[in-house]
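**Q** make a model of this:
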Amino acid sequence: QVQLVESGGGLVQAGGSLGLSCAASGRTFSSYPMGWFRQAPGKEREFVAAISWSGASTDYADSVKGRFTISRDNAKNTVYLQMNSLKFEDTAVYFCAAQLPSSPWSFRTAPAMYPYWGQGTQVTVSS
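**A** Okay, here's the model as predicted:
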């Protein structure tokens, strides 16, 4: 079982930066591939970024590629999302999620493949 708690959301002007953190419980955090997703009002939850258990592999949605960076510190049981050059359309509730250790990397973009979720943190970008 993994429990996830996001932090770092808030209000920022377009073009600004914001960093999100996701603290995980459990001694086996280092074995879980992790992802960030977001959900805007009236829209489906969408993939933002993913990172393999070791941190060696990362992936991003096209809409955030070059602007967002996912990273993890397994010693601190924490995954991060650094968001730069924020746009109004980045406004959403951001969720971190954990896959099972055995999950194939090819499943990284599918919300259904993440059994563990945080409560979400609001990111609002003003235009």
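**Q** tell me which element the residue nearest the centre of the chain falls in.
**A** In the chain, the C-alpha nearest the mean C-alpha coordinate belongs to W36, at 1.9 Å (Cα atoms, centre = their mean). Per DSSP states H and E, W36 falls inside strand 34-39.
**Q** partner strands of that strand, with direction?
**A** strand 46-51 (antiparallel), strand 92-98 (antiparallel) (DSSP bridges).
**Q** out of the ones you listed, which gets nearest to L20?
**A** strand 92-98 (5.8 Å; Cβ to Cβ). Any C-beta I mention is one placed from the backbone N, CA and C, and that applies to glycine too.
**Q** how near is M113 to Q99?
**A** Distance from M113 to Q99, counting by Cβ to Cβ, to the nearest Å: 6 Å.
**Q** also D73?
**A** In terms of Cβ to Cβ, D73 sits 18 Å off from Q99.
**Q** the two: which has the busier surroundings?
**A** It is Q99, of D73 and Q99, that has more neighbours when counted by other Cβ atoms under 10 Å, with 24 against 13.
**Q** rewinding a little: got the contact list for the strand holding W36?
**A** With contact meaning Cβ atoms under 8 Å, 6 or more residues apart in numbering, strand 34-39 is reached by 20, 22, 45-51, 70, 72, 79, 81, 90, 92-99, 108-109, 111, 114, 120, 123.
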